[in-house]
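**Q** show me how the following folds:
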Amino acid sequence: MQFAKLLTSSRRLAADKMGVTAVEYGVLAALIIVVCIGAITTLGTTLSTTFGNVTSQL
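**A** As a prediction, the model looks like this:
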């Protein structure tokens, strides 16, 4: 009897796709954040170097 309930619950859990979708959105958001941080860091370094060169030229 208990095994049948466990089997039914396991099948229902395996068929539920909402949790998987939430995890996929979380991973996608994390990837976007990592790319944004990398781009901002690179842009900041480039701008700092550029403004340093302009300051030294003046």
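
**Q** which secondary structure element is home to the residue positioned nearest the centre of the chain?
**A** Centroid check for the chain by CA atoms, centre = their mean gives A30 as the closest residue, at 1.2 Å. Assigned by DSSP states H and E, A30 falls within helix 18-57.

**Q** average pLDDT across that helix?
**A** Helix 18-57 shows a mean pLDDT of 89.

**Q** which neighbouring elements make contact with it?
**A** In terms of contacts (3 or more CB pairs under 8 Å, 6 or more residues apart in numbering; DSSP states H and E), helix 18-57 is packed against no helix or strand at all. Bear in mind the C-beta positions are built from the backbone N, C-alpha and C, glycine included.

**Q** run the chain-centre distance for it.
**A** Here the centre of helix 18-57 is set off from its chain's centre by 12 Å, with CA atoms, centre = their mean, to the nearest Å.

**Q** what are the buried residues along that helix?
**A** Of all the residues in helix 18-57, not one is buried under the rule 16 or more other CB atoms under 10 Å.
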